[in-house]
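A.B. asks: have a look; sequence and predicted model below, questions after that.
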Amino acid sequence: MIETINSPEDLRKLSLEQLPVLAQEIRKFMLEHVSHCGGHLASSLGCVELAIALHYCFNTPEDKIVWDVGHQAYAHKILTGRREGFKNLRQFKGISGFPRINESKYDAASVGHASTSISIALGLAIARDIKKEKHSVISVIGDGSFSGGLAFEGLNNLGTLATDLIIILNDNKMSISPNIGALSRYLTRIITDKRYQKIKDEVWELTGKLSTLGTRIRSLVKSIDDTIKHFVIPGKLFEDMGIRYLGPVDGHNIKELVDMFKYLKNQSKGPVLVHTITTKGKGYSYAENDAIKYHGISQFSIDTGKVISGTLRKPSFSEVFGATIVEIAEKNKDIVAITAAMPDGTGLSLFKEKFPQRFFDVGIAEEHAVTFAAGLALKGLKPVVAIYSTFLQRAFDQIIHDVALDKLNVVFCIDRAGIVGEDGPTHHGTFDLSYLRCIPNAVIMAPKDGTELKNMIYSAIDYNNGPIFIRYGRGTIPEENLQNQITPIQFFEPEIIKQGKKCAVLSIGDIFKNVQDAIRIIYSNHKLDLTFVNCRFVKPLSKVFYLKIFSQHTHIVTLENNSLIGGFGSAISELATEFNTSKGVNPKILSLGYPDNFIEHGKIEILQKQLQLDPESIANKITEFLNI
């Protein structure tokens, strides 16, 4: 049946009885393809019936569906003409793992970050009203994303504007890791308490059997409804905000979903929230039992559920960070660790296990994580905040206003810096050096390998003159053996790897390995000795060190896995301009890094080659610069 569905128009030709069969086929199709190319499996398995029912009842693409984050939208993609594209899902030049406007008219918004869908959908709905159009707008948001502040800002505005908008709260009790917090407990209480719906239904049924009196009583149902809800559901959060609440609904029962959505499409007015209950990983036992592992997974065996790996894996930067912070916390009782719904992804699971009283997962709330850390630091604790580069962008103001302004001692460990591969432009960490470098009182470090990361963390914990940012990439450490001996980093001093002549190559962060290989290629081909520097610090730069480097070399090459605009290369060029004015030193400078555009998805090795940041391309760029 799945092969007959090339658009939602084809889907709507099916009978209601055929839809559960189609759901089974979609799950099987999804498993077959994601097992080969990897992807966000568990979330999408949990949303199959929801996607089918939405496209079956609503007239997409005229009616607009906004998927929050979008990692649950694979069934949506399959139903909207991209079934054949799953052969190259998340591969270079293939379809994205997330909804993208430039990929399909059925993708109402390009997404990848959490908590955005309500605000986007509200904007679409108000624009519809202004243009006097009549289509429906639907936001599909998970309970994990619902913990983000932006979701509540959207809800607050929606309650005021009171336009026609449907919010589907897809509740699977999970974000990436298990949800925590008061909102999660609130939703669980709604799910588990059936008294409200039972009482309401019985009152409605009874009054319907009464003639004139029944009509009069039904006119009072709203106040009865409110009284019952206040009694059974403390707070009555959504309806008190002016948003009608319906549910909970079984998110895997297509008939229930279709009945609900048809009612909303044809009769419902004003803002409404439909609370659906789904199972993350539905239909695949391995994913149901370990939704964290199968949230985002690489190639795996369907039969065994095991990830397919050809070589013995080195530890990742995240794992080195996690093990190191546990080592330090065993001796230093002031260490507290904070993350935003990412204890596993950031490597903090072991810390959580060993020091539960000093570990805080604040949910998808990066702004709160940073300001919360500021409060902890004000009382003399040493907060370590572990957040992905792309998600830390949400907390830019908090870093400036709440931490850096008063030089609070917070250590930020920024994971997934640089390009991250198949997740693409919404997840690449290509801007952190640029958006952090402009902040006064900040110290920014980037290690070349796992050993240096470990040393930097130890050094950062002892630093007491403001916030420190340590950024590192996704994936395994480059060195063969992680050194156990701790060698504190001498603050603001780079490391000279090799002393040469004419040209100094300045590398920052874990692009080091590619640069090292490029220098070997240059020596092999041209017998040219270049000075090679592992710069370690992006801010502040040692003026004494760099004045010496600029004075001894006619050519300078900088390399970074960050945007060239405002990044490390920019910092070096700014310093060179200052030296040219004050010291008369004027070397030629070539800066290599990421261009001024969003980088597409694909394997990291492929993207590096396209960006000319692989060893061969770097070697060619340097030799061209030197006119060799």
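C.D. replies: Good, I have the coordinates.
A.B. asks: from here on, contacts and neighbour counts on C-alpha atoms
C.D. replies: Fine.
A.B. asks: tell me the first helix or strand C-terminal of the longest helix along the chain.
C.D. replies: Once the chain is assigned using DSSP state H, the helix that runs over the most residues is helix 19-37. The first helix or strand that comes after helix 19-37 along the chain, using DSSP states H and E, is helix 41-45.
A.B. asks: what residues sit buried inside that following helix?
C.D. replies: Neighbour-count burial for helix 41-45, counted by 16 or more other Cα atoms under 10 Å, picks out 41-45.
A.B. asks: one step back: off-centre distance for the longest helix of the chain?
C.D. replies: In this view, helix 19-37 has its centroid 25 Å away from the chain centroid, taken as Cα atoms, centre = their mean, to the nearest Å.
A.B. asks: for that helix, buried residues please.
C.D. replies: By 16+ other Cα under 10 Å, the buried positions in helix 19-37 come out as 19-20, 22-23, 26-27, 29-37.
A.B. asks: any residues touching it, and which ones?
C.D. replies: For helix 19-37, the surrounding residues in contact (Cα atoms under 8 Å, 6 or more residues apart in numbering) are 1-2, 41, 45, 48-49, 52, 74-75, 78, 86-91, 254, 283, 298-302.
A.B. asks: so how do I select the buried members of those residues in PyMOL?
C.D. replies: Once 16+ other Cα under 10 Å is used to decide burial, the buried members of the contacts of helix 19-37 can be selected in PyMOL as follows:
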select buried, resi 2+41+45+48+49+52+74+75+78+86+87+88+89+90+91+254+283+298+299+300
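A.B. asks: in three-state terms, label Q485 for me.
C.D. replies: Three-state call for Q485 (DSSP: H, G, I helix; E, B strand; the rest coil): coil.
A.B. asks: how close does it sit to L547?
C.D. replies: Counting by Cα to Cα, to the nearest Å, the separation of Q485 from L547 is 32 Å.
A.B. asks: show me which of the two is the more surrounded one.
C.D. replies: It is L547, of Q485 and L547, that has more neighbours when counted by other Cα atoms under 10 Å, with 16 against 9.
A.B. asks: quick one: residues contacting that one.
C.D. replies: Counting by Cα under 8 Å, 6+ apart, L547 touches F579.
A.B. asks: please repeat the previous calculation with a cut-off of 6 Å.
C.D. replies: Neighbour list for L547: empty [criterion: Cα atoms under 6 Å, 6 or more residues apart in numbering].
A.B. asks: where does it sit, in terms of helix or strand?
C.D. replies: Applying DSSP H and E, one finds L547 within helix 543-552.
A.B. asks: residues making contact with the following helix or strand past that helix?
C.D. replies: Toward the C-terminus, helix 543-552 is succeeded by strand 555-563 as the next helix or strand (DSSP H and E). Outside of strand 555-563, the residues within contact range by Cα under 6 Å, 6+ apart are 418, 430-431, 503-508, 569, 587-594.
A.B. asks: give me the mean pLDDT for strand 555-563.
C.D. replies: Averaged over strand 555-563, pLDDT sits at 98.
A.B. asks: stretch 485-501 too?
C.D. replies: Mean pLDDT, stretch 485-501: 95.
A.B. asks: for the stretch 401-550 of the chain, just list every one of the helices.
C.D. replies: Taking DSSP state H, counting those that start in this stretch to define them, one finds helices in the stretch 401-550 of the chain at 432-437, 450-462, 512-526, 543-552.
A.B. asks: N157: neighbour count?
C.D. replies: With neighbours defined by other Cα under 10 Å, the count for N157 comes to 14.
A.B. asks: scratch that, K13 is what I was asking about
C.D. replies: Residues near K13, counting by other Cα under 10 Å: 10.
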